[in-house]
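# Okay, here's the prediction I keep looking at, along with the sequence it came from:
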Amino acid sequence: MSVGDYIRNSQIWKSVFRHPAPTDRRNRVVVMLTNFFLHLHPVSIKQQGIALSYTWCMGGITFFLFLVEALTGVLLMFYYRPTLEWAFYDIQALRDVQTLGIMREIHRWGAHAMVITVWLHMYRVFLTGSYKPPREFNWVIGVLLLVLTLLLSFTGYLLPWDQLAIWAITVGSNMARAHPFLGGEGPGFQLLNMGGYDLITNASDAKFMLLGGRFVGEATLNRFYILHCVAIPVVVSGLIAIHFWRVRKDGGISQPL
Amino acid sequence: MNPHPDLTSGVLHGLGWYYLILFVMNLLWTVRSFKVDGEFKKSTPILGGMPVATVWAVLTSILLMLSAAHFTGGSSPEKFMIRLPEWFKNPVDAYFANPVIYFAGSVGLYWAMIRFREWWVQDTVAYTMLQLSLIFMGLSLSDYDFRQIVGKPDNVPIVAMLFIVSFLTWIYFKRAVDNDNRIAQGRPLFEQENNEKVLVWPDLVYIELICMVVLTAVLVFWGIALEAPLEEPASSVKTPNPSKAPWYFLGLQEMLVYFDPWLAGVVLPGIILGGLIAVPYIDFNKGGNGYYSFKERSFAISTFLFGFFPLWIALIVLGTFLRGPNWNFYGIYELWDVHKVVAANNVNLSEFFWNSPLFSWMYGGLPKGDSFMGSPTLTLLLRESPGILLTLGYFALLPPLLGLTVLRKYFVKMGILRFLVFSNLALWMAVLPIKMLLRWAFSLKYIVGIPEWFFNI
């Protein structure tokens, strides 16, 4: 008996994989049903659902990039301190000193790539008419995931705390100031007042809520850090689960039922 | 020494590699052409009927020589001959570098992409366009200012995106043209012909595994080759010029040229997202579900492509590569000079209206203060009434009018609520091009301009 057979017949191996290797048709079916990670997929699938020239693989790539971002992001969180004193210098050290500083490069390029692949995924879904009944609502979830992907990237943009970061966020968050009714320089904010006192000022408007202050400062860094590392990823994970679940329930990625 | 040299030893070396890659690419393509087009069977209309494969062989050898020349010319970059001449660069910057030509060009490209789809989806045509754009980029990289904008680390993904989007659009149109022909001839669709059920293990899980390995390799290689940008430590007193949002929001920042932040930054993005969410509910067409086609849903596809290309991708490229200090438009070979002055003398619609001969004679120019019924508010509203009426008419009167005339077909099929949502979204989509045209044709600033209330349209 070879070593391989010995391992595969051991109690430990069999406790993890409860069936023989998927080399024949029966076991190829069984593996899909018994493996937690694989059970996302059906047992068999229409050829067009997996043809690269049809799917472009963009949804799958986006999900994989999300996992890469989560992994590299957690590694970066071990090192990076989101304070005015340390944020910039921690990133600088990642670039110049740290052995695994390349995690930051992978994290940033992966983030750019993820924004692009989300667009391309939507592009493909539109061009193949895959949002048509019965998949209307999954398209809506997809649009929400698009927004959250952009917000993830936007909140992460601030964290290196360099000139590029704070001015990009300043330009972006100036939009919040102009929010109709809720922004301190938006149309109609004067209408929200009580007994002559404005409810919306530049210390209580949408921009202030986003930044935690009148300008991009330490409170903003903390706020964006929590949004970037905890709040948005949790919501995204939930929506991804629903997105995938509905693909199965709606009968695959495309084509009428 | 020129502080901004067009060519340095490093650049020449890099371009040597660039042309070497192009050489390998074209070598493979020549072999393919020899096999597919045949040795002498297919000939080109140019060059006295030279066989297609020969043309590619000539290009391939030129690229090899170019590569060799760049590798050996590194010792004296000042004297190196192969570079874009000034007589080419200067007119490009002088005559083509303005938003009007840029936007008109992108709309023209969009139109041509759809109109001539059967022509450009052919392999040889598409490959020729790819090579032309790659060679154009290689030549342009010999320019210092072009390198500054294209080579910025954060901009590299955008350049890559342009090629990927073009490639995928080509795949789409190729498949769509094929399927449209199949439908016309009554043959089954490509997607129906190849749609057996297969087992997920191994057919899908192996695709996923290979995909993950390749992507990981790409990311690691990309991370090693290109350092993530890190500028000086943040300083709230040193404002960079230009200050730019992250690249994927630059289409929105570009809209700030034409609209105030409350529209460009809040309302229009909201409409874009609302419109995307509404798509499955207003598209009543049952055709084209689960296969590529153009003719079956030409309206939906054309509208989406218009939103995606001229109004999104093209504006991002504009905002990223062509907008410099003070958000001025700079040519691709132009130095980002902070002191460039662009005359901007824009006028509000109310000024056009009240200062026109008729109304300045009747009313004596722009209504001011509380001259109308003793009320400042009413005077403001009177002053802006032309713009307010136009805007209300645009959003309230046009939809029913369109529904009863040109879009009657849609109105009947969609029902009133769906049609009103659809027509309003379509009108919102047209808002940016309309404002652009008004700005360029009449230097129009605001249609409704009430800065007192932060309410400018």
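Great, that's in hand. Residues are numbered from 1 along each chain as shown, chains lettered A, B, ... in the order given.
# In the stretch 51-200 of chain A, what residue lies closest to chain B?
Closest contact between the stretch 51-200 of chain A and chain B, by CB to the nearest CB, is at residue A:175 (2.8 Å). C-beta: built from backbone N, CA, C; applies to glycine.
# Could you pull up the residues touching residue B:124?
The neighbours of residue B:124, taking CB atoms under 8 Å, 6 or more residues apart in numbering or on different chains as the test, are B:33, B:37, B:52.
# separation between the nearest residue in space to residue B:37 that is not next to it in sequence and residue B:174?
Taking CB to CB, 6 or more residues apart in numbering or on different chains, and ignoring the residues beside it in sequence, residue B:37 has residue B:52 as its nearest neighbour in space, at 4.3 Å. When CB to CB, to the nearest Å is the yardstick, residue B:52 and residue B:174 sit 19 Å from each other.
# check which helix or strand covers whatever residue of the stretch 301-450 of chain B ends up closest to chain A.
Closest to chain A within the stretch 301-450 of chain B is residue B:304: 5.4 Å, counting by CB to the nearest CB. Residue B:304 is part of helix B:298-308 when elements are defined by DSSP states H and E.
# Packing partners of that helix?
Applying 3 or more CB pairs under 8 Å, 6 or more residues apart in numbering or on different chains; DSSP states H and E, one finds that helix B:298-308 contacts helix A:102-127, helix B:99-115, helix B:416-442.
# could you give the mean pLDDT of it?
The pLDDT scores in helix B:298-308 average 95.
# any idea how far that helix is from the chain center?
14 Å (CA atoms, centre = their mean, to the nearest Å).
# which outside residues touch it?
A:123, A:126-127, B:110, B:113-114, B:272, B:283, B:285, B:288, B:294, B:426, B:429.
# So how do I select the buried members of those in ChimeraX?
Selecting the buried subset of these in ChimeraX, with 16 or more other CB atoms under 10 Å in any protein chain shown as the burial test, is done by:
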select /A:123,126,127 /B:110,113,272,283,288,294,426,429
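# with the contacts of helix B:298-308 in mind, which one is nearest to residue B:154?
Lowest distance from residue B:154 to the contacts of helix B:298-308 (CB to CB) belongs to residue A:123, with 22.1 Å.
# mind listing the helices for chain A?
A:3-8, A:11-16, A:25-34, A:52-55, A:58-79, A:87-96, A:102-127, A:136-158, A:163-177, A:206-211, A:218-226, A:232-249 (DSSP state H).
# Turn those helices into TSV, including mean pLDDT.
Formatted as TSV, those follow (pLDDT from 0 to 100):
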stretch	mean pLDDT
helix A:3-8	90
helix A:11-16	92
helix A:25-34	92
helix A:52-55	92
helix A:58-79	96
helix A:87-96	94
helix A:102-127	96
helix A:136-158	96
helix A:163-177	91
helix A:206-211	90
helix A:218-226	95
helix A:232-249	96
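# my read: residue B:335 touches residue B:4, true?
Yes: if you go by CB atoms under 8 Å, residue B:335 and residue B:4 touch, sitting 7.4 Å apart.
# So which of those two has more stuff around it?
Between residue B:335 and residue B:4, residue B:335 has the larger neighbour count (other CB atoms under 10 Å in any protein chain shown), namely 14 against 10.
# helix, strand or coil for the more buried one?
The local conformation at residue B:335, judged by DSSP: H, G, I helix; E, B strand; the rest coil, is coil.
# can you tell me which residues contact residue A:137?
residue A:246.
# so who does residue B:54 touch?
If you count contacts by CB under 8 Å, 6+ apart, then residue B:54 has nothing around it.
# From residue B:111, how far out is residue B:313?
15 Å.
# Which one of the two is surrounded by more residues?
residue B:313 (19 against 13).
# what about the more buried one, which SS state?
Once three-state DSSP is applied, residue B:313 turns out helix.
# ok, it - contacts?
Contacts of residue B:313 (CB under 8 Å, 6+ apart): B:161-162, B:165, B:251.
# Lowest-confidence entry in those?
For those, the least confident entry is residue B:251, with 92.
# quick one: that residue from chain A, how far?
Using CB to the nearest CB, to the nearest Å, residue B:251 is found at 12 Å from chain A.
# Next: residue B:254.
12 Å.
# cool, and residue B:93?
26 Å.
# May I ask which helix or strand encompasses the closest residue to residue B:332 other than its chain neighbours?
Leaving aside its chain neighbours, residue B:332 sits nearest to residue B:146 (5.4 Å; criterion: CB to CB, 6+ apart). Taking DSSP H and E as the definition, residue B:146 sits inside helix B:144-150.
# Give the other helices and strands that that helix contacts.
Using 3+ CB pairs under 8 Å, 6+ apart: helix B:144-150 touches helix B:123-140.
# how about the helix it packs on: buried residues?
Quick answer for helix B:123-140 (16+ other CB under 10 Å): B:124, B:126-127, B:130-131, B:134-135, B:138-140.
# got it, and stretch B:370-377?
Applying 16+ other CB under 10 Å to stretch B:370-377 flags B:371-372 as buried.
# neighbouring contacts of that stretch?
Counting by CB under 8 Å, 6+ apart, B:369, B:378-379, B:382 sit against stretch B:370-377.
# What residues does residue 257 make contact with?
Since no chain was named, I'll use chain A. Counted by CB under 8 Å, 6+ apart, residue A:257 has contacts A:134, A:250-251.
# looking at chain B here, not the other one
B:99, B:327, B:439.
# Surely it is in a helix?
No: counting by three-state DSSP, residue B:257 is not part of a helix but coil.
# quick one: it from residue B:326, how far?
Going from residue B:257 to residue B:326 by CB to CB gives 11 Å.
# Give the intersection of the neighbour lists for those two.
In contact with both residue B:257 and residue B:326: no residue, using CB under 8 Å, 6+ apart.
# Which pLDDT value belongs to residue B:112?
So residue B:112 comes in at 97 (pLDDT).
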